[in-house]
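Student: one predicted model, sequence on top.
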Amino acid sequence: MYESLISNMAVEDIYVSQVFDYYHACFVKSDWCQSFVADSPRIPGEFRNTEVIGLCDRTIHTIVPVARTLEGGAIRGGLQHCGLITARGGELFRGCLVFPKFDSTGKIIEATGFRYGKRIRHWQSLTVHWNRPNSNVYLAEGMALAEKFVHAKA
């Protein structure tokens, strides 16, 4: 019954994976950020040897369609649901070097970002954490709510 909805949740996995792949591609292109990771006291030692490091340089909007389009709305909505895009449309890891953590299946389950800018505003945290929302809990809660509405109408 819920199989079609569950398969749609896998689309968000693809969006998340693509975002972190893009971040990694940006990091690979930046010699300055690579040396920052190697030398900065802001980056803890256990993160320096991470294989997949990303750079969120606020350019992802150039490859993701605008929210007013069907495709862009779906992608941005999925990323917003996951917490990688804020309610106002900005990237959670804006201005950060991003270190994702993978589970045993290779799925990204959390990430930590460290701000790399020379001038960080006083209200910005130096470290940003993200935990992937549990899609099964989200789906179960949504289905329970829908069931309440159906039974209330009957």
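Tutor: Yes, it's here.
Student: how about low-confidence regions in the chain?
Tutor: Within the chain, the stretches with pLDDT under 70 are 1-9, 135-146, 151-154.
Student: my guess is residue 37 contacts residue 98, does it?
Tutor: No - Residue 37 is beyond contact range of residue 98, at 10.9 Å (criterion: C-beta atoms under 8 Å). In this view, the C-beta of every residue, glycine as well, is placed from N, C-alpha and C.
Student: anything in contact with each of the two?
Tutor: Common neighbours of residue 37 and residue 98 (criterion: C-beta atoms under 8 Å, 6 or more residues apart in numbering): residue 53.
Student: show me which of those two is the more surrounded one.
Tutor: Between residue 37 and residue 98, counted using other C-beta atoms under 10 Å, the more crowded position is residue 98 (26 against 21).
Student: give me the sheet partners of the helix or strand in which the more buried one is found and which way each runs.
Tutor: Take DSSP states H and E as the rule and residue 98 turns out to sit in strand 96-102. Note on strand 96-102: by DSSP bridges, its sheet partners are strand 54-56 (antiparallel), strand 108-115 (antiparallel).
Student: show me what the shortest one is in contact with.
Tutor: What that stands for is strand 54-56. Residues outside strand 54-56 that contact it (C-beta under 8 Å, 6+ apart) are 20, 22-24, 26-27, 30, 33, 91, 93-100, 111, 113, 116.
Student: give me the next element, helix or strand, following it.
Tutor: helix 70-82.
Student: now do the buried residues in that next one.
Tutor: Neighbour-count burial for helix 70-82, counted by 16 or more other C-beta atoms under 10 Å, picks out 74, 75, 76, 78, 79, 80, 82.
Student: I'd like to know which elements that helix is packed against.
Tutor: Packing contacts for helix 70-82, counted by 3 or more C-beta pairs under 8 Å, 6 or more residues apart in numbering; DSSP states H and E, involve helix 3-29.
Student: kindly recompute the last result at 10 Å.
Tutor: Using 3 or more C-beta pairs under 10 Å, 6 or more residues apart in numbering; DSSP states H and E, the elements in contact with helix 70-82 are helix 3-29, helix 135-153.
Student: relative to strand 108-115, how tilted is that helix?
Tutor: 90 degrees (axes from the mean of the first three to the mean of the last three C-alpha atoms, to 10 degrees).
Student: need the contact partners of helix 70-82.
Tutor: Residues outside helix 70-82 that contact it (C-beta atoms under 10 Å, 6 or more residues apart in numbering) are 8-9, 11-16, 18-19, 60-61, 63-69, 84-89, 91-92, 108, 130-133, 135, 138.
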